[in-house]
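# here is a sequence with its predicted model. Questions after.
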Amino acid sequence: MAARFPKFALNADALDGQLILGNNISGKDSWNGRLLGMALYNRVLDTTEITRHYALWTQGHGGQLARTRGLMALYLFNEDAGRWVQDSSGNHHDVIIPAVFKPIQQDFLIAPWQDLSYHRPDDLDIAVIILGFVPFGFCFFLHRRRLEPRQRIANGLLVILSGATVSLIIEIIQSWLPTTSPLPPIC
């Protein structure tokens with residue numbers, strides 16, 4: 001991010017509102033790292049300061065940053081429990097942790113090439129989809145063939161349209177669920 005936005009700086013108004021750590025606004029990228037703490041400044045830090053601060057954080061001495069020039073907020077995340085994160089800078093910009101995280105902007109039916117968080121399909125997702133839709137299509141095609149044995153093309157198109165409709169319904173249901181695991185249909 002630093003390479004893409006080299007002049008990015010937070011102003012004082014940015015400390016009022018919602019702050020989301022370890023996720024994007026759609027809520028689809030889970031946090032995989034370790035959050036050592038967070039410090040916000042009213043100025044840009046040079047590379048030596050960043051290196052020194054990083055060393056302090058990784059050695060567990062992030063509290064020593066409380067006396068740094070231009071510090072606006074310092075969050076050590078050492079509360080271990082509760083719904084508040086205390087600002088250790090003395091500026092009293094405490095953070096409230098919501099009981100439930102709700103994405104600010106919920107994505108719905110985005111093509112993989114337009115989704116910035118898309119890396120590659122998950123093998124488990126692919127297996128569940130195949131195991132769910134192949135039996136559905138096979139069973140539905142057999143059912144249609146028994147009802148209309150001479151309408152092979154129409155039956156095939158109806159099976160494809162039915163599969164697409166079931167897939168759309170599953171996507172709609174998943175947009176309201178807290179997780180996005182694929183749900184296999186029952187044949």
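Yes, it's here. Numbers count the residues shown, from 1 in each chain.

# what is the helix or strand of the chain with the lowest mean pLDDT packed up against?
Ranking every helix and strand in the chain by mean pLDDT, DSSP states H and E puts strand 95-96 at the bottom, with a mean of 82. Other elements packing on strand 95-96 under the criterion 3 or more Cβ pairs under 8 Å, 6 or more residues apart in numbering; DSSP states H and E are strand 84-85. Where you see a C-beta, it was placed from the backbone N, CA and C, and this is true even at glycine.

# helices and strands around the strand it packs on, which ones?
Helices and strands touching strand 84-85, as assessed by 3+ Cβ pairs under 8 Å, 6+ apart, comprise strand 95-96.

# would you map the strands across the chain?
Taking DSSP state E, the strands of the chain run over residues 38-41, 71-75, 84-85, 95-96.

# redo the ones you listed as JSON lines? Include distance to I172 and mean neighbour count.
Shown next, in JSON lines, are the strands of the chain (distance: least, Cβ to Cβ, whole Å; neighbours: other Cβ atoms under 10 Å):
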{"stretch": "strand 38-41", "distance to I172": "36", "mean neighbour count": "19"}
{"stretch": "strand 71-75", "distance to I172": "38", "mean neighbour count": "21"}
{"stretch": "strand 84-85", "distance to I172": "35", "mean neighbour count": "16"}
{"stretch": "strand 95-96", "distance to I172": "32", "mean neighbour count": "14"}
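
# between those, which one is nearest to R144?
strand 95-96 (55.3 Å; Cβ to Cβ).

# name every strand pairing with the closest one and say which way it goes.
strand 84-85 (antiparallel) (DSSP bridges).

# a markdown table for the strands of the chain, including distance to F141?
A markdown table is the format used below for those (distance: least, Cβ to Cβ, whole Å):
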| stretch | distance to F141 |
| --- | --- |
| strand 38-41 | 55 |
| strand 71-75 | 57 |
| strand 84-85 | 56 |
| strand 95-96 | 54 |
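
# lowest average pLDDT across those?
Sorting the strands of the chain by mean pLDDT places strand 95-96 lowest, at a mean of 82.

# for that one, which outside residues touch it?
19, 75, 83-85, 87 (Cβ atoms under 8 Å, 6 or more residues apart in numbering).
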